[in-house]
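Trainee: sequence-free structure coming up:
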């Protein structure tokens, strides 16, 4: 690919997929799927954000109300996503890919299981011999139903027995989508994906979201985001966001261009102090992944 390209974008879909990749209403409405009934007023986001970021003289009951509203302020509320990380024995990677290719599409494509496979990748730069899968559930009831069915599915239980000896370790997190960033519909880019992971300092999640949402428009000028989530179960205070690029050179050029747009440097300056640890992984999709 010509390294002089600065404005590569994901293919623009039409119809329902267009809203998934290029949200307008969702990106501005942080209530997402958590909108209250019509007879109840929506929470005043601005005043709540101000209270949490700057503190207030409210008593403990009111602080508890802010805590309860925390995820509703940030989350889209329509789905929960499971981030599944498998650290594979190097000598078993080929067998692992063949095994997951045989089993994961079956689960994802069977409506009985109430789950969709958002994407599957292996790490090219970062923690090597690692596979990453993101599953999408119809909120927690969908997750509960799916796990119950899989525990009673003989083929899936056999898959688990074959999988275990291939792994060094594994972990998962349950995540919610940020309201300002609707996850992409399945796409084919024939490129690479970058999964960036930030461990935030405790109590800094809402401030990070507030600052980073404002600066995202600078990045959107050059590349469309694939998804962004924050952890709810498992390791907490984690933020994950994913981008798609044609290759590493175009990634470099796009990131450099973003620094030339007003707002991005301010966003980085204001958010970097909120972060304890940062990680960037370049991952490539497996051939059965909906994200290719």
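Mentor: Nice, thanks for sending it over. Predicted model only: the values in this text are computed from it and were never measured. Numbers count the residues shown, from 1 in each chain.

Trainee: Which element, helix or strand, includes residue 244?
Mentor: strand 238-245 (DSSP states H and E).

Trainee: what's the helix or strand following that strand packed up against?
Mentor: Counting by DSSP H and E, the next helix or strand C-terminal to strand 238-245 is helix 248-258. Judged by 3 or more Cβ pairs under 8 Å, 6 or more residues apart in numbering; DSSP states H and E, helix 248-258 is in contact with strand 192-200, strand 238-245. C-betas here are computed from N, CA, C, even on glycine.

Trainee: so for helix 248-258, what's the average pLDDT?
Mentor: Across helix 248-258, pLDDT averages out at 91.

Trainee: Verify the stated contact: residue 83 with residue 242.
Mentor: No: taking contacts as Cβ atoms under 8 Å, residue 83 lies outside contact range of residue 242: 10.5 Å.

Trainee: if we can go back for a sec, what mean pLDDT does the strand holding residue 244 have?
Mentor: 95.

Trainee: packing partners for it?
Mentor: The contact analysis (3+ Cβ pairs under 8 Å, 6+ apart) places strand 238-245 against strand 192-200, strand 225-233, helix 248-258.

Trainee: and that strand, which residues are buried?
Mentor: Across strand 238-245, burial judged by 16 or more other Cβ atoms under 10 Å covers 238, 239, 240, 241, 242, 243, 244, 245.

Trainee: who's in contact with the fifth one?
Mentor: Think residue 242. Applying Cβ atoms under 8 Å, 6 or more residues apart in numbering to residue 242 gives the contacts 193, 194, 195, 196, 225, 226, 227, 228.

Trainee: can we see that at 7 Å?
Mentor: Contact analysis of residue 242 by Cβ atoms under 7 Å, 6 or more residues apart in numbering lists 193, 194, 195, 226, 227.

Trainee: any idea how far it is from residue 157?
Mentor: Relative to residue 157, residue 242 is positioned 31 Å away (Cβ to Cβ, to the nearest Å).

Trainee: ok, back up a step: which one of the helices and strands packed on strand 238-245 lies closest to residue 282?
Mentor: strand 192-200 (5.6 Å; Cβ to Cβ).

Trainee: List the neighbouring strands of the closest one plus their orientation.
Mentor: strand 238-245 (antiparallel), strand 275-285 (antiparallel) (DSSP bridges).

Trainee: quick one: that strand to chain centroid distance?
Mentor: In terms of Cα atoms, centre = their mean, to the nearest Å, the centre of strand 192-200 is found 9 Å from the chain centre.
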